[in-house]
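1. structure of the sequence below:
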Amino acid sequence: MTLDSPISTLKGIGPKTEELFHATGVYTVGDILLYFPRDYERFPEITGLDELIPDRKSAVYIRVSKAPALNMHSRLKTAVLDVAENGHFLKIMWFRTPYIRSLIRAGGSYVFYGRVTSRNDQLLMEQPEIFSLDDYQAARKTLRPIYSLTKGLSNKQVAKTVQLALADIPLELEYLPEDVRVRNRLSEYNYALRNMHMPADEQSCITARNRFVFDEFFFFFLCMQLTKDSSAALKNEFTFIQPGMEDVKRKAANRPSCERKPDKNSETNYVSSLIDSLPYRLTGAQLRTVAQIQTDMRSGKIMQRLIQGDVGSGKTIIAFLAMLDCANSGYQSAIMAPTDVLARQHYQKLTQLCESFDLHYPLVLLTGSLTAKQRREAYAVLDQEPTALIVGTHALIQEKVTYNGLALVITDEQHRFGVKQRETFSFKGAHPHIMVMSATPIPRTLAIILYGDLDISVIDEVPAKRKPIKNCVVDTTFRGKAYRFMEKEIREGHQVYIICPLVEASENSEGENVLDYTEQLKKRFPPEIRISCLHGRMKAEEKNRIMEAFLENQIQILVSTTVIEVGVDVPNATVMMIENAERFGLAQLHQLRGRVGRGDAQSYCIFMQGENTERENKRLSVLNKSNDGFYIAGEDLKLRGPGDFFGIRQSGDFRFQLADIYQDADLMGQASYEVSLILKDDPGLTDPSHRALRNRLRQYAGEEFSLLNL
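-> Numbering: from 1, shown residues only. Below you'll find the model as predicted:
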């Protein structure tokens, strides 16, 4: 058996189970080994019946006076055990497990561990695990891995499959140089792999996680640096009027006056005149950023700039002004959005802006959902119109797409594309300027590491016309009142987002899920209030259809996962409620609430706590104090401890499996430094000592390995 062997090679994986693993992205034995737990379960202290709290997992130690009663006539074949302690009662139930009676004997003492619920003022514990006291105390010293699941796949099944894979696969070759591991106190690869899945204790788990977090950052920076180096030779000299573009300039000679090529001062004045014509005033931070962009594009070098601004700080208008600056100078520009719907909204806004300025530059929309005829028409405009303003998705970097003087490339929410894709986009033009926009609140010190090849502009002001969002942190007893408030807002013509942490119910995942929640809401609200759901497992076409319907107010309540974190502007949406808010990082919660407050009406965000603890109250209260994403991200770090490595992540946008740029800032800096050392001594990774590292990089980069400077 090898890492490339199908998952079905392992014992107990039949065709049906294999399909379930495929649904989670696991196809091979190697895949299951890198399918790391999303969290770890820590067994709590044993409590008395008087200390049980509904909706929380608990352990009780009970001396059983009589065996469980069996109801073989019920559809679920239920076994019921009633227990009492000092006047407090608990009903314990098992379904479809008649053998329970043989496990639990009268007079025996057992630890029952499971979730406690309340029904008709009766405390229940359903399907608990059963331990002896010694076994439970031993279990308390360990961590139980909790995996992300799909319906039909159990946590126990995944854990067993991982154990089989670990037992059958020979040790892997260590690929990190030993001096790198020693300097950064990193464990050996095989030790880390085993302790990610079966940690001996919490410290072993943290040690293993640190190794894989370092690896994620290390290969991210390695690819970024090698990709950067591969195009470095093209970035020596560059002016706004690009070398080799004289033929394009000749084509533009007879254009209308608004499209002629003025001198440098006129170019600057052109943008200033557009700004003066806007129906609102730009903030000082916006004006400063516009000036930096104009200076860059006239500096004789290729611009490589990150525009970093909090939610609602007005980054898009800056991008549009830069695009109009390009068109006025006789060149094409393009902005690439992460979703079809957002690209369409950018296109509509840019069209409206040109109409308000009475400008007649060609506008092109290019997305994957266009028909073949529409694509051909778009390609023709790109080829023939050197001042086209282009908006699209990944379709902009397809092989068939060619441009006629592309001078500016803008990637919206760049971290969703990746550094390599940004570089691919940049090669579509004659070495165009690069602008990257991000709403993720990254402290400057971290941004310098993550975007090492970019200059940084920070928009640290929010336009005065935006009303601050009103926030509240509540527990689940507030839910009924929240629903009534939502209905009131909907009756006034507004719309609502509800965010759930899960797509569907899962045996080991606590929290609300989108599918069940949507059905519950349909029973709770009147039929004229249309409710729909959105999640990442949907096909792109379906997601686009639902977001379009929500944008047009055909849907009043949208129940979604964090897939809407980067989405379209829906000015009519005034309420967001986030269920199980304690499961998210504060920076991510801040990003989510940025989906409301886009219009003129007052907007609200309700943070619903599923786990109401003093620590979570303190953490979530930060969101009540500030709407500043940079402040919020910093405060979240102060309130975290070593036990928060798993379960709460702020920076999911960067698509790291384990790493969090905030929590793991030290490891991120170390990885960046080690990459620079290695490439300084061995730029092409040709040294025999780096053979294993090069092979691992090939696996990491996949098809894009050919884009690297190796």
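2. and the lengthiest helix in the chain, what does it pack onto?
-> Ranked by number of residues, the top helix in the chain under DSSP state H is helix 202-230. If contacts are counted by 3 or more CB pairs under 8 Å, 6 or more residues apart in numbering; DSSP states H and E, helix 202-230 sits against helix 189-197, helix 419-426, helix 665-681, helix 691-701. (Glycine included, C-beta is placed from N, CA and C.)
3. try it again with 10 Å
-> Of the remaining helices and strands, those touching helix 202-230 by 3 or more CB pairs under 10 Å, 6 or more residues apart in numbering; DSSP states H and E are strand 39-41, helix 178-183, helix 189-197, helix 419-426, helix 444-450, helix 665-681, helix 691-701.
4. got these as TSV, with distance to residue 291 columns?
-> Listed next are the helices and strands packed on helix 202-230 as TSV, based on distance: least, CB to CB, whole Å:
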stretch	distance to residue 291
strand 39-41	46
helix 178-183	42
helix 189-197	48
helix 419-426	23
helix 444-450	19
helix 665-681	30
helix 691-701	38
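5. regarding this structure, what is its longest strand?
-> What stands out as the longest strand in the chain, according to DSSP state E, is strand 109-119.
6. give me the buried positions along it.
-> Neighbour counts over strand 109-119 (16 or more other CB atoms under 10 Å) mark 110-114, 116 as buried.
7. distance to residue 79 and pLDDT added to those, as JSON lines?
-> JSON lines is the format used below for these (distance: CB to CB, whole Å; pLDDT from 0 to 100):
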{"residue": "110", "distance to residue 79": "14", "pLDDT": "96"}
{"residue": "111", "distance to residue 79": "17", "pLDDT": "97"}
{"residue": "112", "distance to residue 79": "12", "pLDDT": "96"}
{"residue": "113", "distance to residue 79": "16", "pLDDT": "96"}
{"residue": "114", "distance to residue 79": "14", "pLDDT": "93"}
{"residue": "116", "distance to residue 79": "18", "pLDDT": "92"}
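8. what is the nearest of those to residue 225?
-> residue 113 (48.6 Å; CB to CB).
9. residues touching that closest one, list them.
-> Residue 113 is in contact with 41, 43-44, 46, 57-60, 125, 128-131, 136, 139, counting by CB atoms under 10 Å, 6 or more residues apart in numbering.
10. now a PyMOL select for only the buried ones of those.
-> The buried subset of these, as determined by 16+ other CB under 10 Å, is captured in PyMOL by this line:
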select buried, resi 41+43+46+58+59+60+125+128+130+131+136+139
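11. in strands, which of the contacts of residue 113 fall?
-> Per DSSP E, the contacts of residue 113 map to strands at 41, 57-60, 125, 129-131.
12. and these, which is closest to residue 301?
-> residue 41 (53.2 Å).
13. list the beta-bridge partners for that closest one.
-> On the basis of DSSP bridges, residue 41 is bridged to residue 144.
14. state the distance from residue 687 to residue 708.
-> Taking CB to CB, to the nearest Å as the measure, residue 687 falls 16 Å from residue 708.
15. looking at those two, which has the bigger crowd around it?
-> Remark: of residue 687 and residue 708, residue 708 carries more neighbours, 20 against 13, as counted by other CB atoms under 10 Å.
16. quick check: closest non-adjacent residue to that one.
-> In space, and not counting its chain neighbours, residue 708 is closest to residue 226: 4.1 Å by CB to CB, 6 or more residues apart in numbering.
17. what does residue 624 give?
-> Of all residues beyond its chain neighbours, the one nearest residue 624 is residue 471 (5.1 Å), with distances taken as CB to CB, 6+ apart.
18. identify, from the ones in strands among the contacts of residue 113, the entry nearest to residue 621.
-> Taking the ones in strands among the contacts of residue 113 together and measuring to residue 621 by CB to CB, the closest member is residue 57, at 25.2 Å.
19. tell me if I'm right that that closest one and residue 126 touch.
-> No. Contact between residue 57 and residue 126 fails when scored by CB atoms under 10 Å: they sit 11.6 Å apart.
20. ok so residue 391 is a helix residue?
-> No. Assigned with DSSP: H, G, I helix; E, B strand; the rest coil, residue 391 falls outside any helix and is strand.
21. and for the residue lying closest to it once chain neighbours are set aside, the neighbour number?
-> For residue 391, ignoring the flanking residues on the chain, the nearest one in space by CB to CB, 6+ apart is residue 347 at 4.3 Å. When neighbours are defined as other CB under 10 Å, residue 347 has 21 of them.
22. which residues touch residue 347?
-> Neighbouring residues of residue 347 by CB under 10 Å, 6+ apart: 335, 337, 363-367, 389-392.
23. beta partners of the residue nearest to residue 624?
-> residue 605.
24. going forward, the N-terminal residue is numbered 19.
-> All set: I'll call the first residue 19, so the last point we hit is now residue 489.
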